[in-house]
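S.K.: Sequence first, then the predicted structure:
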Amino acid sequence: MNTKQKLKWITFASAVTLAVTGVAGCSNNVNSSNAPEQTVRPSTDTEGNQPSATQSQLPPQQLSIMLPAFSTSYPKDGTRVLAEIEKRTNTKIHIDWIPNSSYGDKFNIILASGKLPSIMFVSDAKNSSFVNAAKSGAFWDLGPYLKDYDNLSQANEVILNNSSIDGKNYGIYRARPLGRNGINYRKDWLENVGLPVPQTIDDFYNMLKAFKEKDPDQNGKDDTYGMVLVKWTGVWASGFDIIKLWFGVPNQWGIVNGELVPEHETPEYLEALKFMRKLYEEGLINHDFAVYDSSKWIDPIVNNQAGVIVDVTDTARRIDQKIHTALQAENKDEPDKQFVDNLIGVEGEDGLKALPTSGFSGMFVIPKSTVKTEDELKRVLEFLDQTNDADIQTLLYSGIEGIHYTKENDYIVPTTDKTMADSELTGLGQLLTYIPEDRTLKSKSKMTPLSQKTDKLQKEAEKYIVPNPAEPFASEVYTERGPQLNNIINDARIKFIVGQYDKEDVKAAFELWRKSGGDDYVKEMNTLYAASQK
């Protein structure tokens with residue numbers, strides 16, 4: 001890595017702002033028309049409870065929003081939290097919730113239909129359908145407008161670059177910690193089987209094996225296994241993308257002799273696949289991982305079926321809370337006990353390696369077919385800007401004081417009424433972009449030792465991340481053939497893990513990848529990479 005690259009990466013690693021994601025989905029409603037131009041943000045009172053006179057003189061802005069749903073329960077239009085947000089932002093909001101497991105397919109269908117919402121969540125900023133549509137002028141270029149808004153004007157320049165297409169920002173990114181990925185495991189199970197916290201790949205394997213064979217939940221039954229994997233396609237393959245780095249696999253692209261090489265063409269990639277195959281053959285992972293719904297990812301951990309999830313490390317807190325909630329319902333809770341813990345990863349031959357994020361998790365785009373004028377665009381951006389005010393961030397994440405939480409000193413205590421929370425609050429955190437930062441009131445549960453450790457862990461993980469050298473590049477070949485190329489690799493990976501493919505079959509699939517557009521993709525990426533080094 002030359003000096004220029006180092007400086008770029010240091011800037012990237014230091015500039016990303018940490019944010020805590022909410023619990024986690026499209027509409028055909030038409031946005032308001034003929035709204036007066038609004039170039040200066042209206043002021044609010046110190047509590048943000050009412051829009052200013054200037055803003056309240058405008059008719060409510062009709063907003064349709066497409067969001068992913070990570071639960072089967074989510075707020076309906078007009079329920080209390082949404083109604084309060086509407087009051088504070090002078091809007092009328094319709095949310096179309098799409099199950100996360102099918103969000104990509106539904107996104108493409110809605111995009112092709114031309115009947116788009118006012119605000120559309122894009123989970124993959126490099127999705128070929130989205131990139132093609134953006135380049136064709138289907139979405140507003142938001143870059144020139146951000147400077148006019150209190151919060152959006154403070155967007156991180158590096159993350160804006162990472163989420164851009166050919167230097168244009170078609171979306172408002174959702175900020176996420178850079179060092180967020182790692183291992184979450186049942187701390188009580190590890191103690192029950194008498195093993196230390198894993199330090200190496202062998203230690204990790206031994207933990208999974210013990211979680212299957214040594215009755216970690218101490219119920220006297222052979223009913224547990226090691227790790228939960230879920231269906232996840234595209235450039236993100238559930239926990240595998242984190243695990244593969246332990247074996248020395250690069251992050252999507254590696255640099256060999258000064259040129260970019262796709263990760264699956266490195267020898268380390270096959271070694272990582274062999275490890276996953278071993279876990280599958282020994283029953284240490286769920287055999288239905290290729291079709292297992294991501295919305296149910298943590299259920300086996302909470303239900304004492306599995307002991308490990310390799311994912312974002314803040315998942316540990318959510319699992320721990322759900323275990324306590326389940327035990328409370330049975331009057332068996334131990335309030336001071338920590339059931340789940342986390343760590344950055346385990347060491348391979350080259351030491352500790354961590355998978356970084358891009359500094360964002362999806363983004364919100366604004367279709368020109370629905371938001372037709374610049375005046376309408378400015379009102380939509382005003383709404384997105386307001387969602388970053390402290391009071392509305394707290395509303396989206398925790399709800400209304402006295403209903404969904406109470407205050408205790410400087411902290412909030414969430415309601416224990418899960419049914420109410422699911423019907424009025426759960427999922428609204430998907431609207432949070434955290435620009436420029438997380439300003440939510442903090443829950444006492446978030447100030448637990450586990451939560452504090454997670455914050456420190458994610459900062460520490462930045463020292464071990466493996467950057468993707470091709471992160472900023474937008475490939476025309478991938479835009480056209482990305483799904484086909486991804487499917488070839490996904491199919492080969494799954495078939496090898498479950499024993500349907502051998503080594504030669506996998507190599508044949510990789511060759512098919514080359515013939516199906518991979519050659520052109522590699523050539524184009526290297527052209528872009530060479531140009532960036534000048």
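M.R.: Sure thing, it's come through.
S.K.: How many residues are close by Glu349?
M.R.: Counted with other CB atoms under 10 Å, the neighbours of Glu349 add up to 10. Heads up, the C-betas are built off the backbone N, CA and C, glycines and all.
S.K.: if I pick it, what's in contact with it?
M.R.: Gly248 (CB atoms under 8 Å, 6 or more residues apart in numbering).
S.K.: need the strands for the stretch 51-200 of the chain, in chain order.
M.R.: Ranges of strands in the stretch 51-200 of the chain, per DSSP state E, counting those that start in this stretch, are 61-69, 91-99, 119-122, 171-175, 181-186.
S.K.: and Pro472, which of the ones you listed is closest to it?
M.R.: strand 171-175 (13.7 Å; CB to CB).
S.K.: Mind giving me the packing neighbours of that closest one?
M.R.: When contacts are defined as 3 or more CB pairs under 8 Å, 6 or more residues apart in numbering; DSSP states H and E, strand 171-175 packs onto helix 157-162, strand 360-365.
S.K.: ok, and what's touching the last one?
M.R.: Outside strand 360-365, the residues within contact range by CB under 8 Å, 6+ apart are 21, 119-125, 130, 134, 139-140, 159, 162-163, 170-176, 384, 433.
S.K.: Look up how far Val197 lies from the residue positioned nearest the centre of the chain.
M.R.: With distances taken as CA atoms, centre = their mean, Ser361 lies nearest the centre of the chain, 4.5 Å away. Separation of Ser361 from Val197 (CB to CB, to the nearest Å) stands at 28 Å.
S.K.: returning to what we had before: most packed of the helices and strands packed on strand 171-175?
M.R.: Among those, strand 360-365 has the highest mean neighbour count (mean count of other CB atoms under 10 Å), at a mean of 22.
S.K.: Partner strands of that one, with direction?
M.R.: The strands beside strand 360-365 in its sheet (DSSP bridges) come out as strand 119-122 (antiparallel), strand 171-175 (antiparallel).
S.K.: how about the ones you listed in TSV, adding distance to Met420, mean neighbour count and mean pLDDT?
M.R.: Formatted as TSV, the strands paired with strand 360-365 follow (distance: least, CB to CB, whole Å; neighbours: other CB atoms under 10 Å; pLDDT from 0 to 100):
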stretch	distance to Met420	mean neighbour count	mean pLDDT
strand 119-122	25	25	98
strand 171-175	26	26	96
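S.K.: can you redo these as TSV with distance to Asp215?
M.R.: Compiled in TSV, the strands paired with strand 360-365 are given as follows (distance: least, CB to CB, whole Å):
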stretch	distance to Asp215
strand 119-122	43
strand 171-175	41
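S.K.: Quickly note the distance from the residue nearest to Glu347 when sequence neighbours are not counted to Val346.
M.R.: The shortest distance from Glu347 to any non-neighbouring residue, by CB to CB, 6 or more residues apart in numbering, is to Thr200 (5.2 Å). As judged by CB to CB, Thr200 and Val346 stand 5 Å apart.
S.K.: what about those two, which has more around it?
M.R.: Taking neighbours as other CB under 10 Å, Thr200 and Val346 compare with Val346 leading, 21 against 14.
S.K.: Next one, pLDDT for that one please.
M.R.: Predicted confidence (pLDDT) at Val346: the value is 98.
S.K.: thought it was touching Val310?
M.R.: No. Using CB atoms under 8 Å, Val346 is not in contact with Val310, being 10.1 Å away.
S.K.: overlap in contacts of these two?
M.R.: Both Val346 and Val310 are in contact with Ile183, where contact means CB under 8 Å, 6+ apart.
S.K.: End to end on stretch 466-482, go ahead and measure it.
M.R.: Using CA to CA, to the nearest Å, the end-to-end distance of stretch 466-482 comes to 23 Å.
S.K.: quick one: the helix or strand that Leu381 is a member of to chain centroid distance?
M.R.: Assigned by DSSP states H and E, Leu381 belongs to helix 374-386. Distance of helix 374-386 from its chain centroid, counting by CA atoms, centre = their mean, to the nearest Å, is 24 Å.
S.K.: Check stretch 196-209 too.
M.R.: With CA atoms, centre = their mean as the basis, stretch 196-209 stands 26 Å off its chain's centre.
S.K.: repeat for stretch 135-152
M.R.: How far stretch 135-152 lies from its chain's middle: 22 Å, per CA atoms, centre = their mean.
S.K.: my guess is Ile242 is in a helix, correct?
M.R.: Yes. Under DSSP: H, G, I helix; E, B strand; the rest coil, Ile242 sits within a helix.
S.K.: OK, contacts around it?
M.R.: If you count contacts by CB under 8 Å, 6+ apart, Ile242 has them with 181-183, 310-311, 345, 354-355.
S.K.: okay, it: pLDDT?
M.R.: Per-residue confidence (pLDDT) for Ile242: 95.
S.K.: before we move on, what about the one 10 residues further on?
M.R.: pLDDT for Gln252: 94.
S.K.: The nearest residue to it once chain neighbours are set aside sits in which helix or strand?
M.R.: Excluding the flanking residues, the one nearest Gln252 by CB to CB, 6+ apart is Asn468, at 4.7 Å. Per DSSP H and E: Asn468 is located in neither a helix nor a strand.
S.K.: Quick check on Asn468: phi, psi?
M.R.: Dihedral angles phi and psi of Asn468 (degrees, to the nearest 10) take the values phi -90, psi 110.
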